[in-house]
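Participant: okay, predicted coordinates and the sequence, questions at the end:
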Amino acid sequence: MRNLFFALVLLVAFTAAALDKIEIKGSKMFNSRTGEQFWVRGVAYAPKEFPLNHDPLADVEGIKRDIPEFTKLGINTIRVYQSFVTNQHDEVMQLLEDAGIYVMLDLMDPLNAVNRDDPSWTTTLSKVLFDKVDSFSTHNNLLAFIAGNEVTNQVSNSEASTYTKACIRDVRAYIKSKGLSIPVGYATADAETVSTYIQDFFDCGEQDTRADFYGINTYRWCGNSNFQEAYSSITQTFATWDVPVILTEFGCNIVADNIRPFTEIGSIFGPDMENVFSGGVAYEYAVSSRKYGLVAVNDDNTVTELQDFTNLMNELAKTKTQQGTTKDAYTPSGTQRTCPNIDDNWKASAILPPAVDEERCQCLASQFTCRTIMTDPTQADTIGKQLGDVFAALCGTYPQFCNTVASDGTLGIYGNFSMCDALIRASLVLNYHYLATGQCDVNGEGIAQVVTASTAPATCSKYTDSVSIEALGLPSTSSSTSSFTSDSNSDNATSNNVKSTSSLEDGRTVTETADVQTFTSPASALKLSFFGLAILLLSL
């Protein structure tokens with residue numbers, strides 16, 4: 001009988017029509033063809049205890065095993081936390097689409113993400129994420145991308161939100177450049193101290209920098225709790241939001257015998273919450289050391305349904321008759337949030353790092369006549385360890401050098417080339433030293449070498465960046481010359497579209513722009529350079 005059930009599921013799969021794209025209007029999600037309101041009825045898909053490099057969307061046998069379980073549960077979406085562009089995903093995505101399953105995909109993964117304790121946003125990470133967009137964007141059942149998951153979870157790492165929001169901005173711009181429309185959102189922990197700040201931050205500012213939807217991972221409802229105790233307050237919080245809000249994780253496991261009744265389903269997909277939230281994602285599919293899980297995946301590649309599976313299936317079945325509104329009938333009325341101020345509980349500036357531009361960085365690198373001997377920009381730890389002492393000396397003597405690659409997400413101050421990869425940033429500083437002193441390999445450390453500047457592609461003519469130290473206000477002792485005209489001031493942290501000028505408490509004058517701030521006092525250049533040194537060494 002079980003084999004017959006699997007066969008019927010597969011028969012339906014092979015004859016199913018392509019899924020309709022889901023689109024956003026105001027704070028709700030709609031089927032793009034029918035105009036009917038859409039709710040995420042999902043499960044976090046993490047099959048078994050897997051290594052950091054496991055890709056569930058490349059596991060054809062695993063997905064064939066699990067699709068019948070998805071169908072039986074009655075879900076329409078899985079959230080997948082990690083995938084790698086070096087793998088092939090088309091077959092799994094097609095199998096899921098044939099089964100009527102959408103995919104909500106996290107762009108970052110354990111190997112490629114904004115580091116909450118040492119944040120940066122560079123061309124190295126952006127290339128991975130852009131490649132992932134290319135890999136998945138052709139599939140109708142790609143519901144949305146999540147550009148960050150719980151990156152900020154306390155005050156001490158709130159600065160990381162600035163870089164995560166820059167990621168959202170640039171990923172959205174990349175998707176738009178491809179003529180596509182795919183929602184890009186953010187998922188946050190239900191963290192008491194910083195929750196309100198995070199909520200406001202990812203919904204404030206220019207349209208192109210905001211999250212298309214907001215996810216909250218919340219475990220307030222435990223056992224047989226109730227709406228008033230668990231979800232009433234967050235429902236009130238998001239009642240006036242202007243973008244969709246999704247429970248991107250739910251399912252507290254602090255319950256008797258570790259069996260979850262999932263009685264919150266009635267509220268999430270019922271009158272209590274369905275007008276505010278666009279559904280939710282139960283955590284998680286397979287049982288692991290985290291002690292969540294709806295099924296156990298056995299060594300023979302079969303699954304055993306647990307009591308949690310039955311409970312979730314039964315509760316979801318009770319809420320199949322959601323009606324909601326239609327796209328044409330719905331008039332958005334939500335209110336956009338205001339960016340939070342920097343204070344003791346929030347350290348993320350609303351002024352974002354410069355947009356990543358790989359071509360600009362490569363055009364800059366083509367001018368180098370001295371560069372590091374290292375060749376792999378992804379080996380950040382190795383680069384930082386080998387160059388640490390050298391840059392401590394260089395930045396102490398020539399603070400302007402490090403300002404060009406410095407980044408401060410709390411002050412909102414960024415060097416023009418802070419978004420380039422580790423090797424280009426390191427080589428830029430070494431090149432400045434070479435032009436200033438005539439010495440490429442600093443103190444005989446064997447970390448740099450003289451090279452011949454390459455012929456820049458014709459497309460580089462649109463950039464006015466320069467590697468000349470005259471642009472930094474320093475004399476040159478080298479005969480090397482640069483090939484472009486500089487657009488930089490002494491701190492090399494300028495931009496167009498100036499908004500305002502203000503004074504800081506320590507006497508510095510700061511000009512705010514769309515992407516950067518420019519210090520105008522000499523003392524501040526030295527202060528920024530030492531911060532820039534820390535950023536350079538820690539985030540290279």
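Facilitator: Happy to help now that I have it. Numbers count the residues shown, from 1 in each chain.
Participant: distance from the chain centre to the helix or strand where Ile146 lies, please.
Facilitator: Applying DSSP states H and E as the criterion places Ile146 in strand 142-149. Computed by C-alpha atoms, centre = their mean, to the nearest Å, the chain-centroid distance of strand 142-149 equals 8 Å.
Participant: what ranges do the helices span in the stretch 51-200 of the chain?
Facilitator: 60-73, 90-98, 123-136, 160-177, 195-201 (DSSP state H, counting those that start in this stretch).
Participant: and the pLDDT at Asn345?
Facilitator: Per-residue pLDDT puts Asn345 at 95.
Participant: repeat for Arg116
Facilitator: For Arg116, the pLDDT comes out at 95.
Participant: need the contact list for Asn31.
Facilitator: Applying C-beta atoms under 8 Å, 6 or more residues apart in numbering to Asn31 gives the contacts 20, 22, 37-38. Yep, even glycine has a C-beta here, placed from its N, CA and C like the rest.
Participant: now Pro353
Facilitator: For Pro353, the contact set (C-beta under 8 Å, 6+ apart) comprises 121, 162-163, 166, 407, 409, 414, 418-419, 515.
Participant: next: Val303.
Facilitator: Contacts of Val303 (C-beta under 8 Å, 6+ apart): 65-66, 69, 286, 295-297.
Participant: drop anything exposed from those.
Facilitator: Neighbour counting with 16 or more other C-beta atoms under 10 Å marks 65-66, 69, 286, 295, 297 as buried within the contacts of Val303.
Participant: list of residues touching the strand holding Ile146?
Facilitator: Here strand 142-149 makes contact (C-beta under 8 Å, 6+ apart) with 22, 40, 77, 79, 81, 93, 102-108, 113-114, 129, 133, 136, 164, 167-168, 171, 182-187, 211-213, 215, 217, 248.
Participant: buried subset of the residues you listed, written for PyMOL?
Facilitator: In PyMOL, a selection of the buried entries from the contacts of strand 142-149 looks like this (16+ other C-beta under 10 Å):
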select buried, resi 22+40+77+79+81+93+102+103+104+105+106+107+108+113+114+129+133+136+164+167+168+171+182+183+184+185+186+187+211+212+213+215+217+248
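Participant: thinking again about what came up before, most packed of the helices of the stretch 51-200 of the chain?
Facilitator: helix 160-177 (a mean of 22; mean count of other C-beta atoms under 10 Å).
Participant: C-alpha coordinates for it, CSV please?
Facilitator: Included here for helix 160-177 are C-alpha records, laid out as CSV according to Å, rounded to 0.1, in the frame of the first residue of the first chain:
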residue,chain,number,x,y,z
ALA,A,160,26.7,43.4,11.0
SER,A,161,23.2,44.5,10.0
THR,A,162,24.7,47.4,8.0
TYR,A,163,26.6,44.9,5.8
THR,A,164,23.7,42.5,5.5
LYS,A,165,21.4,45.3,4.3
ALA,A,166,24.1,46.3,1.7
CYS,A,167,23.8,42.6,0.6
ILE,A,168,20.1,43.0,0.2
ARG,A,169,20.5,46.2,-1.8
ASP,A,170,23.1,44.7,-4.2
VAL,A,171,21.3,41.3,-4.6
ARG,A,172,18.1,43.1,-5.5
ALA,A,173,20.0,45.3,-8.0
TYR,A,174,21.6,42.2,-9.5
ILE,A,175,18.2,40.5,-9.9
LYS,A,176,16.7,43.6,-11.4
SER,A,177,19.6,43.8,-13.9
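Participant: now it: mean pLDDT?
Facilitator: pLDDT averaged over helix 160-177 gives 98.
Participant: what of stretch 428-437?
Facilitator: According to the model, stretch 428-437 has a mean pLDDT of 91.
Participant: for stretch 348-366, same thing?
Facilitator: Rounded mean pLDDT across stretch 348-366 is 96.
Participant: now it: buried residues?
Facilitator: Under 16+ other C-beta under 10 Å, the buried positions of stretch 348-366 are 348-358, 360-366.
Participant: returning to what we had before: for the contacts of Pro353, point out the one with the lowest pLDDT.
Facilitator: Asp515 (33).
Participant: ok so, going back, of the contacts of Pro353, just the buried ones, PyMOL syntax please.
Facilitator: Here the buried members of the contacts of Pro353 are turned into a PyMOL selection, burial being counted by 16+ other C-beta under 10 Å:
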select buried, resi 121+162+163+166+407+409+414+418+419+515
